[in-house]
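Engineer: predicted model and sequence below, questions to follow.
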Amino acid sequence: MKILLTSTATPSILRKKIMDMSKKNGLTQPCFEKMLDYTIDIFESNGLGTAYYGYHNIDHELEVTLGTLLVCGGEESIPELSNDDLKYLYVSALFHDFDPEKSVDKPHEENVLKSISVDPTIKDLIIKAGIDFEIIKVLILRTVYPWEGDLRERAEKEIEKCFQISEITKDNPEKQKHYLWLGWLLSIIDRVTGYALGDFSKALHLAKMNSHASAWNPALMIKRSVMYFEGLIGGESNMCEMVLRCLPKHMRKNFMQNVQEFMKLRQKEIQIQSDFLYDNLKLVSKIESMPIRKDKTFVDALHSIYLELPKPLRLEEKDFGESINDSDVLLNTVRLGNTGGPIIGFAKGGPLENYKFSVEVRDENQGKRNTMFLEPIALKMGYWGLGGGHMMRQLFLMQAHTMKYEFLTSFALRDVIEKRTKSFERAEFVTKFDPERWDYYRIKL
């Protein structure tokens, strides 16, 4: 079965593939299908369906479940696995991030265990599957990432409690060792599958979701992605290699090619930073005139940079070209070398009344025509962290002030806004959003 997904794969597509693989692997009891449908329903009813732009949404939950079935029924069998082991892995994969009321994107395993422990439907389905709930908890706890430091110590203490409660593992070191190994297997499947199911566009989409929902500075996305893959391939090489060997050949190829592409992007970033540090790279901000803004080549250049933004940050996407030509819209760019050099970023925005946000924002100044809204600043990948964004933002503030606007509003990471509340800008939060922590704020000009 050749499986290739795009960044727009839907839960219904994933569900069908999971059901096909479940039957192939012998998981034909009705309870396994009911678990699947119940999980999809709970995630979607709690706003964690495909529309939620975070890494740990329903798509991730289903991809890990599919990856588990592919590994366990893959091209190369794992002799250590029994039929019962497959049941434990399937159920643990399906519920490993089951945290419907999460306050941050990355689920806390303690919250996951609490959520499934108090859910009568899940408990009933696990009983019908004929498996031990304490061992499910062990496997989920072993997916803690990173498996080191305080996180590991806390998880190991909880795992030991589960082992002593379970009649299967109590006073049985060999069984305990085996289920810890199963948990490690699930942990690697969890971290590999999404990046093996599609091409680099899907892999980059996942990285952007993870970065956005984790509230990372954009300058860190590629660097942290590379560190993530190095930890998998280097630090946990034996288990990672086994998982990849058991996946279909095209998925192994996808994963390794995606890793290589992230490595290339990181090398490009390092080269750009090197050029900047040795004064070979100069950034210049510029207010763009209307005749230039009407040029199609100029608009296309900005649009290509705009598409690199995480999806929730692409405001007014359908009317992007029209907004560039709108005289009410303020626009400035940052270029390489001089004011005629290549464009590597832009800042634009307009009167608050021009925007209809997809998220719930209540701004008391709506309709007063006294507020300029700054859209999320766009920079080419590799140029974050070099000061270009700051240059454009300051120039935009000056433009808004010159036009006699009283306030400026925008979206930014919560930590960034916190710093601005204590700076000369005296920023204030207007609306906070969890779990994204990408909030709406205001400053007085």
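Structural biologist: Noted; the coordinates are in hand.
Engineer: can you give me the strands for the chain?
Structural biologist: 283-287, 330-336, 343-351, 371-374, 378-379, 407-413, 428-431, 438-444 (DSSP state E).
Engineer: dump these to CSV, plus distance to residue 313 and mean neighbour count.
Structural biologist: Any C-beta I mention is one placed from the backbone N, CA and C, and that applies to glycine too. As requested, those are exported to CSV (distance: least, C-beta to C-beta, whole Å; neighbours: other C-beta atoms under 10 Å):
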stretch, distance to residue 313, mean neighbour count
strand 283-287, 20, 18
strand 330-336, 17, 23
strand 343-351, 12, 23
strand 371-374, 12, 24
strand 378-379, 8, 23
strand 407-413, 7, 21
strand 428-431, 16, 15
strand 438-444, 8, 20
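Engineer: quick one: the residue nearest to residue 288 when sequence neighbours are not counted and residue 345, what's the gap?
Structural biologist: Once flanking residues are discounted, residue 288 sits nearest to residue 331: 5.2 Å by C-beta to C-beta, 6 or more residues apart in numbering. From residue 331 over to residue 345 the distance is 12 Å, taken as C-beta to C-beta, to the nearest Å.
Engineer: save the strands of the chain as CSV, and put in distance to residue 316 and mean pLDDT too.
Structural biologist: Below are those laid out as CSV (distance: least, C-beta to C-beta, whole Å; pLDDT from 0 to 100):
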stretch, distance to residue 316, mean pLDDT
strand 283-287, 20, 96
strand 330-336, 13, 97
strand 343-351, 9, 97
strand 371-374, 10, 97
strand 378-379, 13, 96
strand 407-413, 13, 95
strand 428-431, 19, 95
strand 438-444, 16, 94
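Engineer: and residue 125, which of those is closest to it?
Structural biologist: Closest to residue 125 of the strands of the chain is strand 438-444 (C-beta to C-beta; 35.4 Å).
Engineer: what residues does that closest one touch?
Structural biologist: If you take C-beta atoms under 8 Å, 6 or more residues apart in numbering as the criterion, strand 438-444 is touched by 212, 215, 312, 357, 359, 361, 363, 365, 371, 406-414, 417, 420, 425-433.
Engineer: in its sheet, what does it sit against?
Structural biologist: Applying DSSP bridges, strand 438-444 is found paired with strand 407-413 (antiparallel), strand 428-431 (antiparallel).
Engineer: run through the bridge partners of the residue nearest to residue 288.
Structural biologist: Applying DSSP bridges, one finds that residue 331 bridges with residue 348.
Engineer: got it, and the one 4 residues further on?
Structural biologist: Note on residue 335: beta-bridge partners residue 284, residue 343, judged by DSSP bridges.
Engineer: how far away is it from residue 272?
Structural biologist: Counting by C-beta to C-beta - residue 335 and residue 272 are separated by 14 Å.
Engineer: same question for residue 94.
Structural biologist: Look at residue 94 and residue 272: by C-beta to C-beta, they are 42 Å apart.
Engineer: more crowded one of those two?
Structural biologist: residue 94 (25 against 21; other C-beta atoms under 10 Å).
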